[in-house]
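K.L.:
When you get a sec, could you give me coordinates for this:
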Amino acid sequence: MRFGASVWPWKWDGPYDGAIARIGDAGFRATELIAWDDDSLVNYYTPQTVKELRGILDDKGMTLSQFVVKTPRLASPDPAERAASVDMFKQGVDKGIELGASIINTVVHFPFALEMPRITDRPHVQLFTVDVPSGLDWDQNWLDYIDGLRKCAAYAESAGVRYSLEPHPFRYGSTAEGLLRILDAVDSPVLGINLDPSHMFPSGDIPHVAVQRLGKRIIHCHFSDNDGETNVHWRPGKGKIDWEKVLQGLKDADFTGVVSLEFEDIPGVSRGVRDVPGVYKGNAVATEEFVEEYREALGYLTGLAEKVGLVVE
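P.N.:
Numbers count the residues shown, from 1 in each chain. Got it, this is the predicted structure:
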């Protein structure tokens, strides 16, 4: 297995060339790139940029473990919006392959594309709620969602890549049991799970139990620690997750993929130019304090991985 680092906490918005180099220089063997929307997919990841980014990855001895694509309305009740999300995914597959990724990632999706409250707000508000229209056909929305996922998975399979679904609070597939239900319904050989304990823990899962439950269906990981109440993304060892047991679960599942560190809620993180949720703001590019947190985490997790018998490249 390899330890990598997601690019966006290092530099939220493109260009990503400098961030990739910093990740490699910090000791990581992989990274992930992201397309926040169709504009960045087309206008940032041009053929020339793709060539330059691949050159940096090669120069640093790194792999592109995933290409992350945003498809926010795949469970919309509007057929046109669902179709547009599938098309966005297909474009992401094509671009990810150009970049050298063998896995394309999306998070799971909100039912009916509803606007849900941010789980990070939950400890601070007196009433934590959401407005849900009456008369929604939940059974049909589930079928529509599975149909969209099948189309995405079928395109990924035809292109020779895998599709990793990432759990997230309040969405279809927020827990291990929900993810298993999706996997069984879609029934695709290329569909697997991007394990993200910081998303599953506040949704009710004990992370290392979830690892045992998902087993070999885990094809990629995001690691960050949290408090079990919100999906804050801290350095492992700063929160309540038992990382040795998580890594033992990956060893039991014969995991040989990439564990990508994703710390979005630590001092010095990049949050870019847009108004995005998070306590720490103001850095277009992550600071050196942030880089030291990553180096410390890499040493800590490498030691635990070796302790349980995982081979770290």
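K.L.:
The stretch 151-300 of the chain: helices as residue ranges?
P.N.:
For the stretch 151-300 of the chain, applying DSSP state H, counting those that start in this stretch gives helices covering 176-186, 197-200, 207-214, 243-252, 288-308.
K.L.:
Tabulate those helices in CSV, adding columns for mean pLDDT and distance to residue 237.
P.N.:
C-beta here means a position set from N, CA and C on the backbone, and glycine is covered the same way. What follows is those, written out as CSV (pLDDT from 0 to 100; distance: least, C-beta to C-beta, whole Å):
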stretch, mean pLDDT, distance to residue 237
helix 176-186, 98, 23
helix 197-200, 98, 13
helix 207-214, 98, 14
helix 243-252, 98, 7
helix 288-308, 98, 6
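K.L.:
Quick one: the ones you listed as JSON lines, columns for distance to residue 25 and mean neighbour count too.
P.N.:
As requested, the helices of the stretch 151-300 of the chain are exported to JSON lines (distance: least, C-beta to C-beta, whole Å; neighbours: other C-beta atoms under 10 Å):
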{"stretch": "helix 176-186", "distance to residue 25": "35", "mean neighbour count": "18"}
{"stretch": "helix 197-200", "distance to residue 25": "26", "mean neighbour count": "28"}
{"stretch": "helix 207-214", "distance to residue 25": "30", "mean neighbour count": "21"}
{"stretch": "helix 243-252", "distance to residue 25": "24", "mean neighbour count": "20"}
{"stretch": "helix 288-308", "distance to residue 25": "9", "mean neighbour count": "16"}
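K.L.:
Ok, which of those helices comes nearest residue 136?
P.N.:
Closest to residue 136 of these, according to C-beta to C-beta: helix 176-186, at 18.1 Å.
K.L.:
Do a quick rundown of the strands in the stretch 1-150 of the chain.
P.N.:
2-6, 30-35, 63-69, 103-107 (DSSP state E, counting those that start in this stretch).
K.L.:
Tell me which of the ones you listed approaches residue 224 most closely.
P.N.:
Residue 224 lies closest to strand 2-6 among these, at 9.4 Å (C-beta to C-beta).
K.L.:
residues of that closest one that come out buried?
P.N.:
Neighbour counts over strand 2-6 (16 or more other C-beta atoms under 10 Å) mark 2, 3, 4, 5, 6 as buried.
K.L.:
Given it, what are its sheet partners and their directions?
P.N.:
Applying DSSP bridges, strand 2-6 is found paired with strand 30-35 (parallel), strand 258-261 (parallel).
K.L.:
need the strands of the stretch 1-150 of the chain in a markdown table with distance to residue 96 and mean pLDDT, can you?
P.N.:
Listed next are the strands of the stretch 1-150 of the chain as a markdown table, based on distance: least, C-beta to C-beta, whole Å; pLDDT from 0 to 100:
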| stretch | distance to residue 96 | mean pLDDT |
| --- | --- | --- |
| strand 2-6 | 15 | 98 |
| strand 30-35 | 8 | 98 |
| strand 63-69 | 3 | 98 |
| strand 103-107 | 5 | 98 |
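K.L.:
Out of these, flag the one nearest residue 242.
P.N.:
Going by C-beta to C-beta, the one of these nearest residue 242 is strand 2-6, 18.4 Å.
K.L.:
Taking their axis directions, that closest one and helix 288-308 sit at what angle?
P.N.:
With axes from the mean of the first three to the mean of the last three C-alpha atoms, to 10 degrees as the basis, strand 2-6 and helix 288-308 are set at 150 degrees to each other.
K.L.:
Could you tell me how many residues sit around residue 253?
P.N.:
Counted with other C-beta atoms under 10 Å, the neighbours of residue 253 add up to 16.
K.L.:
So it sits against residue 213, correct?
P.N.:
No: assessed by C-beta atoms under 8 Å, residue 253 is found out of contact with residue 213, at 10.3 Å.
K.L.:
Between the strands of the stretch 1-150 of the chain, which one is closest to residue 308.
P.N.:
Short answer: strand 2-6, nearest of these by C-beta to C-beta, at 14.3 Å.
K.L.:
how big is the angle separating that closest one from strand 63-69?
P.N.:
Calculated by the same axes, to 10 degrees, strand 2-6 forms an angle of 40 degrees with strand 63-69.
K.L.:
quick revisit: mind putting the buried residues of strand 2-6 in TSV, distance to residue 31 included?
P.N.:
Listed next are the buried residues of strand 2-6 as TSV, based on distance: C-beta to C-beta, whole Å:
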residue	distance to residue 31
2	10
3	11
4	5
5	6
6	7
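K.L.:
which of those lies closest to residue 22?
P.N.:
Nearest to residue 22 out of the buried residues of strand 2-6 is residue 5 (C-beta to C-beta; 9.1 Å).
K.L.:
where's that closest one relative to residue 278, distance?
P.N.:
Using C-beta to C-beta, to the nearest Å, residue 5 is found at 17 Å from residue 278.
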